[in-house]
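# make a model of this:
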Amino acid sequence: MTDWASPAEPGQRIGIVAGEASGDLHGSLLVEALQGSGRPLQFFGLGGPRLRLRGVKMVSQPPLNVVGFTEVFFRIGQIFLAFQRMKQALVSRRTDLLILIDYPDLNLRLARFARAHQIPVLYYISPQVWAWRSGRVKMIRRSVDRMAVILPFEEEFFRSCGLAVEFVGHPLMDLKLQGAGIIPGSEPGRSSSAGQRRVGLLPGSRPAEMQRILPVLLESARRLREQFAGELEFLLPLAPTLDEGQVQALVEPFRQKGVPIRLLSGAEREQWKRCDLALVASGTVTLEAALWGVPTIIVYKVSPVNYWIAKRLIRVPYIGLVNWVAGKKIVSELIQDQATPEALTAEALRLLHDDDRRIALQQELARVREKIGGPGASQRVARIALEMIAR
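Numbers count the residues shown, from 1 in each chain. Now for the predicted structure:
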């Protein structure tokens with residue numbers, strides 16, 4: 001008998017779905033907090049390696065990581081299979097609670113199915129309906145019992161829409177409190193040598209975005225090495241969702257040109273938080289950089305078709321979460337045709353050469369840290385979940 005169809009086990013049963021690398025991370029922290037309650041809980045669902053390591057039984061093969069409209073289309077068969085197996089598991093396991101983490105295209109449909117089968121639904125890390133597709137609010141109101149949001153302005157937005165919502169703070173604060181995997185004996189901070197600067201290259205966790213963004217970052221690194229007066233070292237943390245061979249193939253030609261690029265995997269990944277500057281794909285990592293005070297430049301490119309569609313659907317002043325929380329553009333955003341090595345190199349040199357500019361940006365990042373709340377998000381969401389299954 002396959003795992004997804006296995007009979008329900010003793011104890012209360014919680015389904016959990018996370019279709020992104022960041023959701024897999026935050027979901028694993030939540031499962032850890034729930035397991036610490038001492039309750040006899042059983043977990044199953046969809047997710048990545050971190051949820052699996054916490055003992056969540058997968059009902060379909062991950063990853064589900066996709067980005068953009070066209071990529072969803074080409075992966076529709078895998079997503080549909082995961083959807084069908086998750087629906088069967090929700091019923092066959094007599095689920096006590098369904099926890100959904102972001103990933104709205106699949107999760108909102110699962111929420112509707114769960115509501116039809118009287119399964120309580122907790123949505124953790126909400127869809128960004130405040131940025132686009134605001135019509136989804138009606139679907140959320142019809143299908144979701146409670147929401148736990150991680151950005152301060154989201155609570156007021158969803159409450160005004162008639163939803164039961166609580167701002168729980170950002171789970172990245174829990175990682176910062178734990179040291180975020182920094183190698184023992186080292187502390188986050190700037191480069192030790194006054195003449196050396198470290199620059200992080202973070203092309204995103206999805207294979208498709210990495211293929212588009214990493215070449216821009218690598219060419220920018222080559223130009224920076226030529227134009228910066230001091231010594232540079234480039235750190236490239238390898239997301240667990242990426243194929244190391246593909247990344248190595250893109251990096252090696254630049255190494256042969258003398259660009260000092262160090263790939264980081266495992267616990268070493270977190271060493272990018274010691275950088276003087278980070279060039280990053282838009283996403284949760286922009287907030288992570290803010291927590292560690294790392295000056296950042298946001299770079300983002302998608303396929304021309306995806307960009308054309310997005311321009312007609314999305315009306316937002318910023319793409320970076322750090323700028324959303326700040327309420328203004330504190331971090332530069334280079335998007336699509338603006339995301340060129342020339343533009344990125346020029347902006348990076350301004351931050352590397354101008355100490356006052358870099359310090360001013362770090363002060364703005366400190367104000368963002370204050371806004372996103374203190375540690376304990378995972379414990380607060382666990383409390384909400386336990387309240388819901390206690391009814």
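# C-alpha only now, for contacts and for neighbours.
Will do.
# where does the stretch 151-300 of the chain have low pLDDT?
Low-confidence segments of the stretch 151-300 of the chain, defined by pLDDT under 70: 176-195.
# tell me the helices in it, going along the chain?
For the stretch 151-300 of the chain, the helices defined by DSSP state H, counting those that start in this stretch occupy 152-160, 172-177, 207-227, 244-256, 285-292.
# which positions in the fourth one come out as buried?
By neighbour count, with 16 or more other C-alpha atoms under 10 Å as the criterion, the buried positions of helix 244-256 are 247, 251, 254.
# need those in CSV with distance to Phe83, can you?
Converted to CSV, these look like this (distance: C-alpha to C-alpha, whole Å):
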residue, distance to Phe83
Val247, 30
Val251, 36
Phe254, 41
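# from the residues you listed, which is closest to Ala21?
Here the nearest of those to Ala21, counting by C-alpha to C-alpha, is Val247; it sits at 17.2 Å.
# highest mean neighbour count out of the helices of the stretch 151-300 of the chain?
Most buried of these, by mean neighbour count (mean count of other C-alpha atoms under 10 Å): helix 285-292, with a mean of 22.
# that helix packs against which elements?
Counting contacts by 3 or more C-alpha pairs under 8 Å, 6 or more residues apart in numbering; DSSP states H and E, helix 285-292 is packed against helix 172-177, strand 296-300, helix 321-326, helix 355-371.
# most tightly surrounded among the ones you listed?
Buried most deeply of the helices and strands packed on helix 285-292, by mean count of other C-alpha under 10 Å, is strand 296-300, with a mean of 25.
# partner strands of that strand, with direction?
With DSSP bridges as the test, strand 296-300 is paired with strand 277-281 (parallel), strand 332-335 (parallel).
# return the distance of it from the chain's centre.
In terms of C-alpha atoms, centre = their mean, to the nearest Å, the centre of strand 296-300 is set 15 Å apart from its chain centre.
# with stretch 201-209 instead?
Here the centre of stretch 201-209 is set off from its chain's centre by 11 Å, with C-alpha atoms, centre = their mean.
# ends of that stretch, what's the gap?
Using C-alpha to C-alpha, to the nearest Å, the end-to-end distance of stretch 201-209 comes to 13 Å.
# let me see the domain layout of this structure.
According to automatic domain parsing, the chain comprises the domains 3-171+376-390, 196-371.
# could you dump the strands paired with strand 296-300 into a markdown table and include mean neighbour count and distance to Gly38?
Below are those laid out as a markdown table (neighbours: other C-alpha atoms under 10 Å; distance: least, C-alpha to C-alpha, whole Å):
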| stretch | mean neighbour count | distance to Gly38 |
| --- | --- | --- |
| strand 277-281 | 25 | 39 |
| strand 332-335 | 19 | 45 |
